[in-house]
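K.L.:
build me a model:
(one chain, ligands or ions: 1)
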Amino acid sequence: MENKKIIEVKEELEQSLNDIKNIQELNDLKVKFLGKKGLITELNSEIKNIPNEEKKEFGMKVNELRNTFNNFYEEKRKSFEEKILNEKLEKESIDITLPATKVVSGAPNILEKLVEEVEEIFISMGYDVVDGPEIELDKYNFEMLNIPKGHPARDAQDTFYIEGEEILLRSQTSPVQVRTMLEGKGEKPIRMICPGKTYRRDDDDATHSHQFMQIEGLVVDKNISMSDLKGTMDVLFKKLFGEDTETRFHPSYYQFTEPSVEVDITCHKCHGKGCNICKNNGWITVVGAGIVHPNVLRMSGYDPKEWTGFAFGFGADRLAMEKYDIHDLRAIYSTDLRETSTFDRKESE
Ligand code: DAH
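P.N.:
I've put the predicted structure just below:
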C-alpha cells in the first residue's frame, strides 16, 4: 500500500523532470517535491504509520527519491545558470573592430583662456590680480576718475543706473584703480590688473554687447614713466601674439590719464602688410592707456609730487576676437558645441 504511494511519486517525479524549461520551473518543482508540503516530504512524514518491519525499506526508498531529485536539481541548475551566463556574454560582447562613437567635446571658453593668459603674463611681471564689484558707485566709476557730474565724457559710456544717480553697473573696470589706491592709503606702491565684466547700454550686435569684459591695469610707484608703459605693452603683446609683434602709441584723450595714448599692435595676420583684419592699415588699436592724471592720484590719497603711475584698459572680448579670428562677439558667449569646438581648432591651426 505504502509502496504504491512511493511508486506514484516516483512516476510523477520522472514525468515532471522532463518538462522543466527554466530555472523558475526548476525551483517550483523543488517546492512541489521537497517543500514543507512537498510530495517527498509528505512521504517522509508517513514513516511513523508504516509497520516496523517495513520501515527500513520504506525509508530507503524515500531517501532514494530525494537523492534522485537532488542530483537532478543540481545538474539542471548548473546547466540553466550556464545558459543564462552564455546568453549574457553573447549580448554584451564588444566588437572591437567597429568604429568608435565620436565624442563631441567643447573647448575651454576662449575669453576665459585669454584672460588666464593675460593674468599669467602679468603675474610673471609681479602684478597682483584684483577684483572689484560690478555694482559700483558713481563716485568710483566717474568722479574720482576725474569725470565730474555733468561732464560730457560720461555720455560716451551709456551707463546703466540702478538707483538714482549714485549706484550703477560699472561701465568700465577703471573704478578698481580708485579702490586699489584707496586701499594703498597713499603709501603702498601698486602693480595690479583687474579683469572683469562691464556694462553699457549698447544694442547687442556682432561687435557690441551690453555686457563685455575689460582688463584694467594700474602701476603706481616712484619715477614711473611712459617708457615703462611701452615696455609693459611690448611684453604683453609679444607674449600674446608672438615675438614679432610690435607696439606703437598714438595720442588720445581720457580724463583719468595725462598724457593719454592708444596702443596699436601690428596685425597678427598680415604682420603689418595690410589685410582685411586691419583694414589694410597694418596696425590695430587694442588698448587705451596713459600716465595717471595727478588729480586722480590726489583724490585717492597718493601725492602726485611723490608718486607717478601708468594705467591701461582694454576689451578682453575684442582681443579674444582678434586672437582667435572670430567675427561675431556673441559667439564668445555661445554654449553651442558646434560653435565652441571650432575655437579650439582655430588655435591649433
Ligand atoms: N576705461 C577706458 C574705457 O573703458 C579704457 C581705459 C583707457 C582705461 C585709459 C585706462 C586708461 O586705465 O588709462 O574706454
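K.L.:
low-confidence ranges in the stretch 201-349 of the chain?
P.N.:
Under the criterion pLDDT under 70, the flagged ranges of the stretch 201-349 of the chain are 341-349.
K.L.:
one more: the stretch 1-150 of the chain?
P.N.:
Residues of the stretch 1-150 of the chain meeting the criterion pLDDT under 70: 1-2.
K.L.:
dihedrals phi and psi, the closest residue to the ligand within it?
P.N.:
Nearest residue of the stretch 1-150 of the chain to the ligand: residue 145, at 8.1 Å (Cβ to the nearest ligand atom). For glycine as for every other residue, the C-beta is placed from the backbone atoms N, C-alpha and C. Backbone torsions for residue 145, taken as degrees, to the nearest 10, come to phi -100, psi 20.
K.L.:
next, the contact list for it, please.
P.N.:
Going by Cβ atoms under 8 Å, 6 or more residues apart in numbering, residue 145 touches 174, 175, 177, 178, 255, 256, 296.
K.L.:
same deal with residue 154?
P.N.:
Taking Cβ under 8 Å, 6+ apart, we find residue 154 in contact with 142, 147.
K.L.:
one step back: so which of the contacts of residue 145 are in helices?
P.N.:
175, 177, 178, 296 (DSSP state H).
K.L.:
what segments of the protein are strands?
P.N.:
Using DSSP state E, the strands of the chain run over residues 128-129, 135-137, 161-163, 167-169, 190-199, 211-221, 247-254, 257-266, 283-292, 308-315.
K.L.:
where does the stretch 101-250 of the chain get nearest to the ligand, residue-wise?
P.N.:
For the stretch 101-250 of the chain, Cβ to the nearest ligand atom, closest residue to the ligand: residue 172, 3.6 Å.
K.L.:
could you find the closest non-adjacent residue to that residue?
P.N.:
Leaving out its chain neighbours, the residue that sits closest to residue 172 by Cβ to Cβ, 6 or more residues apart in numbering is residue 198, at 5.6 Å.
K.L.:
ditto for residue 294
P.N.:
In space, residue 294 is closest to residue 304, 3.6 Å off (Cβ to Cβ, 6+ apart).
K.L.:
I figured that neighbour hits residue 298, correct?
P.N.:
Yes - between residue 304 and residue 298 there is a contact at 5.7 Å, judged by Cβ atoms under 8 Å.
K.L.:
partners of the residue nearest to residue 292 when sequence neighbours are not counted in the sheet?
P.N.:
Using Cβ to Cβ, 6+ apart and skipping residues adjacent in sequence, the residue nearest residue 292 is residue 309, 4.0 Å away. Per DSSP bridges, residues listed as beta-bridge partners of residue 309: residue 220.
K.L.:
tell me the contacts of residue 309?
P.N.:
Residues near residue 309 by Cβ under 8 Å, 6+ apart: 190, 218, 219, 220, 221, 224, 291, 292, 297, 302.
K.L.:
ok, residue 284 to the ligand distance?
P.N.:
16 Å (Cβ to the nearest ligand atom, to the nearest Å).
K.L.:
what's the closest non-adjacent residue to that residue?
P.N.:
Nearest non-adjacent residue to residue 284 (Cβ to Cβ, 6+ apart): residue 278, at 5.1 Å.
K.L.:
residues near the one you found, how many?
P.N.:
Neighbour count for residue 278, taken as other Cβ atoms under 10 Å: 22.
K.L.:
got the residues of this structure near the ligand?
P.N.:
172, 174, 216, 254, 257, 288, 289, 290, 311, 312, 313 (Cβ under 6 Å from any ligand atom).
K.L.:
redo that, cut-off 8 Å
P.N.:
The chain comes close to the ligand at residues 156-157, 171-174, 177, 198, 214, 216-218, 252, 254, 256-257, 260, 287-290, 292, 310-315, as judged by Cβ under 8 Å from any ligand atom.
K.L.:
just the buried residues of the residues you listed.
P.N.:
Taking 16 or more other Cβ atoms under 10 Å as the criterion, what is buried in these is 157, 171-174, 177, 198, 214, 216-218, 252, 254, 256-257, 260, 287-290, 292, 310-315.
K.L.:
from residue 293, how far off is the residue nearest to residue 297 when sequence neighbours are not counted?
P.N.:
With sequence-adjacent residues excluded and distances taken as Cβ to Cβ, 6+ apart, residue 297 is closest to residue 304, at 4.6 Å. Plainly put, residue 304 is 9 Å away from residue 293 if you go by Cβ to Cβ, to the nearest Å.
K.L.:
and the one residue sitting closest to the centre of the chain, how far from residue 333?
P.N.:
What sits nearest the mean C-alpha location of the chain, by Cα atoms, centre = their mean, is residue 108, with 7.3 Å. Using Cβ to Cβ, we find residue 108 at a distance of 14 Å from residue 333.
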